[in-house]
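1. Let me see the structure of the following:
(2 chains)
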Amino acid sequence: MTDQAYNFAYLDEATKRMIRRALLKGLAIPGYQVPFASREMPMPYGWGTGGVQVTAACLTPEDTLKVIDQGADDTTNAVSIRKFFERTAEVATSENTSEATIIQTRHRIPEVPLCEGQILVYQVPIPEPLRFLEPRESETRKMHALSEYGLMHVKLYEDIARHGAIATAYAYPVKVEGHYVMDPSPIPKFDNPKLSDNAAIQLFGAGREQRIYALPPYTQVVSLDFEDHPFEPSKADHACDLCGAETSYLDEVITDDQGSRMFVCSDTNYCTTRQDAGHMGRLNQGEPA
Amino acid sequence: MTLHDTTLDQPLLRVTDLTKRYGDRIGCADVSFDLWPGEVLGIVGESGSGKSTLLGCLAGHLATDEGSIQYKGRDTLAMTEPERRLLSRTEWAFVHQNPRDGLRLGVSAGGNVGERLMAVGARNYADIRETATDWLGRVEIAAERIDDRPRQFSGGMQQRLQIARNLVTSPKLVFMDEPTGGLDVSVQARLLDLLRGLVRDMGLSVVIVTHDLAVARLLADRLMVMKDGHVIEHGLTDQVLDDPQAAYTQLLVSSVLQV
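-> Numbers count the residues shown, from 1 in each chain, chains lettered A, B, ... in the order given. Okay, here's the model as predicted:
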């Protein structure tokens, strides 16, 4: 079968319409999980089937797509999904955050602030923030409807009781516009402040769980906390070893069997842009690569 | 006994002609009673007599078919669900027979006690912990066990933890379903002692379901005897137990082993 045998962006138009309706509903009720008839995609669950369907429903031929996986443009997941849309939609792709109109992401928000007109699509494994506390779906829906979120704080309480601080480091629960508590997908809590008041449209797709939710631009998003244990975004206490950035989220990379390690920006596009602009880190003193 | 903020001019709970059917069979039928502030009402009867069904209907866990339940003059059956759920985590409490039904086993003792506080808006960790510690003390659980999971507790401790978790928001009305079931007698005795103290100190109104007449004798002011879904005798505890009128009550009282 040739690539031309597929409809634009793989999904048929009726499916895209169904997903767009869910997206519009999600945007109208920020943070509310909208059920949708998730399709099987040519990739396993857990690899971003929800995000891919949302991206497919949003893509137009004029769009420029960027795909990142844990901040990186060049890892398996990102490369495969980018190739998938290059073949099925023939859209332009880019690694540059500010050039892209749609960014599909797995577990990070780019370092460069997003602007109006951009869409950020998250891949979500488990959309229900209360899932591990309350196993019954009927009950969690009721809790969302009635804003009964005491249980969410029980989880944070347990964190402090056991670790002395809120140890949840990713998928940190947030409250959207004073009503729905939402799982921001497993982004590090370092990224949580960027969810709030963001100029871009943020869409969340969970394929296996068949849920879509969304944050319209400039939505107020607050990370849950206690009065005496306030929310703190955290990152490794280092500068990037390649570009010297001190404010970006870092990955720790083990470099040999002796335990040597380096810290590098998890956002590869941000890091290379900085290096091209002449910034240098501890292990990159400007010698030709 | 001191009466708290509730006045005596109307009953706390007024139940009229309450009926619950399971298909063609009767769960409980035509049950009527008033519960006054600070009063403990015992419901006794053999297994299958409709005691737990009645309690479930009162607490809103089961849908009632006929009749009315008024709490402080408000019809709880006509209440919206958010109102009823708010009531059941503030002014009401429910102690299950099996503590595993009433506790979150994956959450520490402190978290279990704190859940109701957080559910009504407590957002200060230190305050929540202090209240939880205080309540563990009141139900005789050592303060250093606050971060242990209920799974690591004995049956008696679990039941006491469940009681602490329910009473932490100072409810007015407590429903108890066989709170001493499955505990050995010495643990039962301590638990009853504790319950009696808490009921008196906090001025709680209690509806307690039990098949153990000794428990009823110790805790209840008034007693309702149920058989086959109907109330067959109703009166002061001592009166019912010492001078039973209905044939079934006489049988029930005489069945208790005298040691």
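
2. Could you report the neighbour count for residue 124?
-> Because you didn't say which chain, this covers chain A. For A:Val124, the neighbour count with other Cβ atoms under 10 Å in any protein chain shown is 29. For the C-beta atoms, the positions are set from N, CA and C on the backbone; glycine is no exception.

3. that's the other chain; I wanted chain B
-> Per other Cβ under 10 Å, the neighbour tally for B:Asn124 reads 14.

4. So A:Ala214 lies in a strand, does it not?
-> Yes. Counting by DSSP: H, G, I helix; E, B strand; the rest coil, A:Ala214 is located in a strand.

5. what pairs with it across the strands?
-> Here A:Ala214 sits in beta bridges with A:Leu203, going by DSSP bridges.

6. What's the local residue count around it?
-> Neighbour number of A:Ala214 under other Cβ under 10 Å is 29.

7. Next: B:Pro99.
-> 25.

8. quick one, what contacts B:Leu58?
-> Counting by Cβ atoms under 8 Å, 6 or more residues apart in numbering or on different chains, B:Leu58 touches B:Leu13, B:Val15, B:Leu18, B:Ile69, B:Phe175, B:Val207.

9. Apologies, that question was intended for B:Ser108.
-> B:Ser108 makes contact with A:Glu158, A:Ala161, A:Arg162, B:Ile146, B:Asp147, B:Asp148, B:Arg149, according to Cβ under 8 Å, 6+ apart.

10. Spatially, what comes nearest to it if we skip its sequence neighbours?
-> B:Asp147 (4.9 Å; Cβ to Cβ, 6 or more residues apart in numbering or on different chains).

11. show me what contacts the one you found?
-> By Cβ under 8 Å, 6+ apart, the residues touching B:Asp147 are A:Ala161, A:Arg162, B:Ser108, B:Ala109, B:Gly110.

12. PyMOL command to pick out the buried ones of these?
-> Applying 16 or more other Cβ atoms under 10 Å in any protein chain shown to the contacts of B:Asp147, the buried members can be selected in PyMOL as follows:
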select buried, (chain A and resi 161) or (chain B and resi 108+109+110)
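
13. how about the residues of chain A that lie near chain B?
-> Near chain B, the residues belonging to chain A are A:133, A:142, A:146, A:148, A:150-151, A:153-154, A:157-158, A:160-162, A:226-229 when assessed by Cβ under 8 Å from any Cβ of the partner chain.

14. got a pLDDT number for the residue in chain A that chain B sits nearest to?
-> As assessed by Cβ to the nearest Cβ, chain B sits closest to A:Gly150 within chain A, at 3.0 Å. Looking at A:Gly150, its pLDDT is 91.

15. Phi and psi next, for it.
-> When read as degrees, to the nearest 10, the backbone of A:Gly150 gives phi -60, psi -40.

16. and what of A:Val181?
-> phi -90, psi 130.

17. Tell me the bridge partners for it.
-> On DSSP bridges, the residues paired with A:Val181 through beta bridges are A:Lys175.

18. do you know how far it is from A:Ser147?
-> 8 Å (Cβ to Cβ, to the nearest Å).

19. which of those two has more neighbours?
-> For A:Val181 and A:Ser147, the more surrounded residue by other Cβ under 10 Å is A:Val181, and the numbers stand at 21 against 13.

20. which residues does the closest residue to chain A within chain B contact?
-> Closest to chain A within chain B is B:Ala119: 3.0 Å, counting by Cβ to the nearest Cβ. The contact partners of B:Ala119, by Cβ under 8 Å, 6+ apart, come to A:Glu148, A:Gly150, A:Leu151, B:Arg89.
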